[in-house]
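1. Give me the fold of what follows.
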Amino acid sequence: SQQFVSRVHCSTPGCKLVAVSPVLTRAYNVGPAVLPRRISATQIAVELLHAQGIKGLYKGLGATLLRDVPFSIIYFPLFDHLNKAKQDSLEERAPFFHSFLAGCVAGSVAAVSVNPCDVIKTRLQAMGKGRNEENYNGIRDCA
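-> Numbering: from 1, shown residues only. Alright, predicted model coming up:
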């Protein structure tokens, strides 16, 4: 599907023409272009179910919980504490800007805290392994 092209220089400055290799322009190479099929998340899930069963859908669950549970343990109490910091009474709502900043700070602290766990989860769940990338046998091996 890749075409080899060579650049042909024009006499005017900044002009570049592209000439296609003559082999690729022969009559038998001309025809309807094959467009790559778009793959949806549903198609991936169905293929995964057929290939690996229900266990394949839950691959990486432990690593995801390793990231999400500490994130929630850090985020929600920190947000609540920061959001209530300037309130005079418990019934009073914090101003929007104060809640927004409390959420930004709590989210940032929680995300930075669980980043190593997120890297482990991402490496374990990577679909396309590169030529020189390692395959892991679980959370401990990846860590």
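2. List the buried residues in stretch 121-139.
-> 121, 123-124 (16 or more other C-beta atoms under 10 Å). Backbone N, C-alpha and C define where each C-beta goes, glycine included.
3. Which residues does that stretch contact?
-> With contacts defined as C-beta atoms under 8 Å, 6 or more residues apart in numbering, stretch 121-139 is touched by 59-60, 62-64, 66-67, 120, 142.
4. Tell me the buried residues within those.
-> Once neighbours are counted (16+ other C-beta under 10 Å), the buried part of the contacts of stretch 121-139 comes down to 60, 63-64, 66-67, 120, 142.
5. JSON lines for these, including pLDDT, secondary structure and distance to residue 47?
-> Shown next, in JSON lines, are the buried ones among the contacts of stretch 121-139 (pLDDT from 0 to 100; DSSP: H, G, I helix; E, B strand; the rest coil; distance: C-beta to C-beta, whole Å):
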{"residue": "60", "pLDDT": "80", "secondary structure": "coil", "distance to residue 47": "17"}
{"residue": "63", "pLDDT": "89", "secondary structure": "helix", "distance to residue 47": "22"}
{"residue": "64", "pLDDT": "90", "secondary structure": "helix", "distance to residue 47": "21"}
{"residue": "66", "pLDDT": "93", "secondary structure": "helix", "distance to residue 47": "26"}
{"residue": "67", "pLDDT": "94", "secondary structure": "helix", "distance to residue 47": "26"}
{"residue": "120", "pLDDT": "90", "secondary structure": "helix", "distance to residue 47": "25"}
{"residue": "142", "pLDDT": "85", "secondary structure": "helix", "distance to residue 47": "24"}
